[in-house]
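Q: sequence and computational prediction follow.
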Amino acid sequence: WLWSLMVLFCSGLYLYAETSGRLDPVSAKNISVLAGITEYNAFLNEQVRYNDLSKNSYQFSNVNGSPNEVHVVVIGESTSRHHMSLYGYGRETNPRLTELNNLISFSNVATPNAHTIPALTKAFTRQDKEGNGPGLEGGSLIELANQAGYDTYWISNQAVAGTFETPITVLAGQADQKIFTNASSGSGNYDDAVLIPLESTLMKEGKKVIFVHLMGTHMSYADRYPKEKAQFTDIPKGVSEKRMRVFNHYDNAVLYNDFVISSMINLLQESEVPTTLTYFSDHGEEVYEERDFCGHSDVNLSKYMTDIPLLIWYNDRYKSTHPNTLPSLIENKNKWMSLADYFYLGAEVMGIQSEESESSELFFEPPPTHKYDFQTSNDLPFTRKTLCHRVNGIERLKEVKDLFDGFEIDVVYDSKNDLFDVNHPPAKSI
């Protein structure tokens, strides 16, 4: 009976592996016991690899670091910049961050993945957005900071992974000291729980890099903020109560996130050494903006999942000791960057040099979202729409206007009358 139990367990693992990350239905008829055992063996091998990575540090070449400095790296969760007033969102979800001086907000940063593990693996290693290049086996930003002489700390309000290793537990394990403030990934402590351990860590002597991992605005949104902090409760006309309730919970979570991040910056204001705080979210979140979908998925990406905030705050002492770094960051704040390149940006902000952390270019001109200078009525690129083909007449338009968010028409330029005529030769003009 032990063998039968193991087979069932392996098959269950394989079924989970096959269906996780998929939005389409899957049939159990296609799942084989042999494949389940194979997947289970692969899982065990992966655990061995992560365990080895936890014990063996990659050695970077010719590492040099800055003198006494403090750097805080805040990792958010599921926060889309499309819901941040700092980036132009209509609701005032960032009243505190908006008022801060010495804050650089990068307006065109995209995450390579809509899930935490692949996104952060690429962010903290030299693996690029396509997954090429060395991952954890080629060293992480935490290991680089260690070798540059920094004391490193990992403060997390996410639950401990337990006995199973993941890339995130490997990254956390590379820090000199680990502090976990939450025993649950559900309705546990709010993110302000990290403020006390952060404050006590800042009081310690020596140069340091502190990584803070938040629950951010991850589902369930209502669990991410105290109820007395709720500010958005209205239900506009034409919006279903169910959707708007979720929408309000998400915006209230973003508002509370604003409080947490600004509170961390306030703890750094009196620092007597060059100090920075970098904040980014691992990925964004879609909350019914584009379709009847709420959440995040690599299978069905949208700009709400990939467009993330990246903020860097610095004190005046950092400004005076890094006269070349800040002008470059400010100059490039509106250019496009992948979160997969954060390893290089983080090293630059921290003043760490090594052969591996040199990057030829981090920022690029924003890629065009559409070929022509027009968009659909709800401001979504045509590349994201399903359009109705050849709506060349008024009757056809009436027929499809409630079924599609966009449509295609055929036009011919009439040079004699300087106008576009709606028709499809050889058919006659309509």
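A: Yes, it's here. These numbers were taken from a predicted model, which means no experiment stands behind them.

Q: pull the contacting residues for the nearest residue to Glu358 once chain neighbours are set aside.
A: With Cβ to Cβ, 6 or more residues apart in numbering as the criterion, Glu358 has its nearest non-adjacent residue at 7.8 Å, and that residue is Tyr344. For every residue, glycine as well, the C-beta is placed using N, CA and C. With contact set as Cβ atoms under 8 Å, 6 or more residues apart in numbering, Tyr344 has these partners: 357-359, 362.

Q: between these, which has the most around it?
A: With neighbours set by other Cβ atoms under 10 Å, the maximum within the contacts of Tyr344 is found at Ser357, which has 22 neighbours.

Q: got a pLDDT number for that residue?
A: Model confidence at Ser357, given as pLDDT, is 92.

Q: OK, contacts around it?
A: Applying Cβ under 8 Å, 6+ apart, the residues near Ser357 are 60, 144, 343-344, 347-348.

Q: returning to that earlier point: and of the contacts of Tyr344, the nearest to Tyr221?
A: Minimum distance to Tyr221 across those is 32.0 Å, recorded for Leu362 (Cβ to Cβ).

Q: quick check, pLDDT for that closest one.
A: 83.

Q: and Ser328, by the same measure?
A: 93.

Q: outside of stretch 116-135, which residues touch it?
A: By Cβ under 8 Å, 6+ apart, the list of residues contacting stretch 116-135 reads 75, 77, 111-113, 136, 138-142, 166-168, 171, 280, 282-283, 298, 338-343, 346, 356.

Q: brain fart, stretch 94-107
A: Contact with stretch 94-107 is made by 81, 84-87, 254-255, 258-259, 261-262, 265, 309-316, 319, 329-330, 333-334, 337, as judged by Cβ under 8 Å, 6+ apart.

Q: residues of it that come out buried?
A: Neighbour-count burial for stretch 94-107, counted by 16 or more other Cβ atoms under 10 Å, picks out 94, 96-97, 100, 102-107.

Q: would you state the helices of the stretch 1-150 of the chain in chain order?
A: Applying DSSP state H, counting those that start in this stretch to the stretch 1-150 of the chain gives helices spanning 2-19, 33-55, 95-98, 116-123, 141-147.

Q: OK, contacts around the residue most central in space within the chain?
A: Closest residue to the average C-alpha location of the chain: His283 at 2.0 Å, with Cα atoms, centre = their mean. Neighbouring residues of His283 by Cβ under 8 Å, 6+ apart: 78, 111, 113-116, 119, 296, 305-306, 308.

Q: and if we set it to 7 Å?
A: Residues counted as contacts of His283 (Cβ atoms under 7 Å, 6 or more residues apart in numbering) are 78, 111, 113-115, 119, 296, 305, 308.

Q: out of these, which are inside strands?
A: Counted as lying in strands by DSSP state E, out of the contacts of His283, are Ile308.

Q: between the contacts of His283, which is nearest Ile196?
A: Here the nearest of the contacts of His283 to Ile196, counting by Cβ to Cβ, is Ser78; it sits at 23.9 Å.

Q: thought Glu286 was touching the closest one, still the case?
A: No. Using Cβ atoms under 7 Å as the test, Ser78 is too far from Glu286 to be in contact (10.0 Å).

Q: what about the two, which has more around it?
A: The residue with more neighbours, out of Ser78 and Glu286, is Ser78; 29 against 23, by other Cβ under 10 Å.

Q: for that one, phi and psi?
A: With angles defined as degrees, to the nearest 10, Ser78 sits at phi 60, psi 30.

Q: how much space between it and Met215?
A: Here Ser78 is placed at a distance of 9 Å from Met215 (Cβ to Cβ, to the nearest Å).

Q: now swap in Leu255 and tell me
A: Here Leu255 is placed at a distance of 15 Å from Met215 (Cβ to Cβ).

Q: neighbour count winner among the two?
A: Of the pair Leu255 and Met215, Met215 is the one with more neighbours under other Cβ under 10 Å, namely 29 against 24.

Q: ok, the more buried one - contacts?
A: Met215 makes contacts with 77, 157-158, 191, 224, as judged by Cβ under 7 Å, 6+ apart.

Q: list just the nearest of the residues you listed to Arg291.
A: In terms of Cβ to Cβ, no member of the contacts of Met215 lies closer to Arg291 than Glu77, at 22.3 Å.

Q: what is the burial count for that closest one?
A: Neighbour count for Glu77, taken as other Cβ under 10 Å: 22.

Q: now do it against Ile312, distance only.
A: When distance is defined by Cβ to Cβ, Glu77 is 19 Å away from Ile312.
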